[in-house]
Every structure is written in structure tokens, then in C-alpha cells.
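Asker: One predicted model, sequence on top.
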Amino acid sequence: GENVEQHPSTLSVQEGDSAVIKCTYSDSASNYFPWYKQELGKRPQLIIDIRSNVGEKKDQRIAVTLNKTAKHFSLHITETQPEDSAVYFCAATYGNNRLAFGKGNQVVVIP
Amino acid sequence: EAQVTQNPRYLITVTGKKLTVTCSQNMNHEYMSWYRQDPGLGLRQIYYSMNVEVTDKGDVPEGYKVSRKEKRNFPLILESPSPNQTSLYFCASSSRPSQPQHFGDGTRLSIL
């Protein structure tokens, strides 16, 4: 099956700085890579996704980059704010009908 | 409003007492999944369903059953719950795995 790993497990950043979370995957056939944000006590919610035919996608302060050769994709958050504090999960599709999640990254934005 | 509804939200029960967690979606989605979330282990898929009467095992299916008799409903059944099934459970739906997953609000199960 697909193996999805996230680094680092915990990330602390000063408010206003940028945060980068990297995710690696094992299945070279994977073609869809979403990122979910989970605030404390809440459900995971999609914040951005990217498909294998695109190298980068941006939505306001959030961007995702994909390196298919190296099999990794990264979430970039610029100008971090306290409300960005959450657990972030990356995921990757594999097979015809599976979606595998990483273990999650705790991001703490220090005011 | 588009949503995935899980019930109950919280449940404390005892070992061996059969329980069912219901999941219903109103978006006409074909694909539905159950995940469990444990500290340090992320979201692990228990079972998924591609459509009515089509279900398959995920990564951690032991001790669980599912059914998909109607498109909107995907209940999770624990026939004989054990303490190691104490966890936070999420149901999710989408049109397919390569589309955004819509998660329910979660069900926190405690098996004593």
C-alpha cells in the first residue's frame, strides 16, 4: 500500500513567519495530493489540493508544490496567523480507489 | 446544506456490547469511508465503499463491519467492541477518492 510520511511532526513558528510542511509518498502512480487542516476538536477540512499534472498551486497565503520525481509535496503557509495553529494532514491516492493519510503535523503559531 | 452526519457524537460502552455508528450524507456521493484517529497515528482507513453494495477493507478493518444498502448511508458496526477500539472515528464522503473528502464531525467511542 501507499506509505505517506510527514515532516516535521511539530512545527513552531513566530506569527508572520512562513511555515513549510513536507510530505513524501511511495507510490509513483499517485495522482492526487490533498492537504487537510484539523483544528482542535473539529473535523478535518480540505485547505488545498494538487494533481499530478501540476507543479504548484496557490490560494492566498497557502501554496502546495509537487515534485513527482522525488515523490514529495509540500504545504507552504506565508504570513502565519494564530488561526493557522492546527494539525495538518497530507494525503495521496493510490490504487484505483484508496486515499492514504500521513500522521499529521502540529503547527503552533506563536503570537 | 451539504453535510455528513454521524451519530452518536460520543459513546461510552462496555466490552462485547454490539454498537453501530451511523453515517449519512446528502451530497449524492458514491465514495464513502470510515477512519479512526489515534494520537500519533493520524487517520487510518477502516473500510470504504465505492457505491451501493460495494465495500472493501481499508488498512485496519479487524473488528469492524460496514454495509452500504443505500447511497446516502454507511453505518459502521462493532459486533463485539474491545478496549483497543477506543478512538475518534470519522466518516467521510466524496464523488471519488481523488476529490475532496467531506468529513463528519466525528464520533468519540470509549470501550471499557
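Answerer: It's in. Numbers count the residues shown, from 1 in each chain, chains lettered A, B, ... in the order given.
Asker: How about the contacts made by residue A:92?
Answerer: A:2, A:4, A:23, A:25, A:27, A:30, A:32-33, A:99-100 (CB atoms under 8 Å, 6 or more residues apart in numbering or on different chains). Where C-beta positions appear, they are placed from N, C-alpha and C, glycine not excepted.
Asker: Most neighbours of all the residues you listed, which one?
Answerer: In terms of neighbour count, residue A:99 stands highest of the contacts of residue A:92 at 28 neighbours, by other CB atoms under 10 Å in any protein chain shown.
Asker: ok, that one touching residue A:91?
Answerer: Yes: counting by CB atoms under 8 Å, residue A:99 does reach residue A:91; the two are 5.4 Å apart.
Asker: show me which of the contacts of residue A:92 neighbour chain B.
Answerer: The subset of those lying close to chain B, counting by CB under 8 Å from any CB of the partner chain, consists of A:32, A:99-100.
Asker: hang on, residue A:83 in a helix?
Answerer: Yes: assessed by DSSP: H, G, I helix; E, B strand; the rest coil, residue A:83 belongs to a helix.
Asker: For the residue nearest to it when sequence neighbours are not counted, give me the pLDDT.
Answerer: The shortest distance from residue A:83 to any non-neighbouring residue, by CB to CB, 6 or more residues apart in numbering or on different chains, is to residue A:109 (8.0 Å). Here the pLDDT value assigned to residue A:109 is 97.
Asker: Can you get me a residue count around residue A:109?
Answerer: Residue A:109, neighbours per other CB under 10 Å, totals 20.
Asker: In CSV: the contacts of residue A:92, plus distance to residue B:63, pLDDT and secondary structure.
Answerer: Shown next, in CSV, are the contacts of residue A:92 (distance: CB to CB, whole Å; pLDDT from 0 to 100; DSSP: H, G, I helix; E, B strand; the rest coil):
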residue, distance to residue B:63, pLDDT, secondary structure
A:2, 23, 78, coil
A:4, 24, 94, coil
A:23, 29, 97, strand
A:25, 28, 96, coil
A:27, 27, 92, coil
A:30, 29, 93, coil
A:32, 29, 96, strand
A:33, 30, 97, strand
A:99, 22, 93, strand
A:100, 20, 94, strand
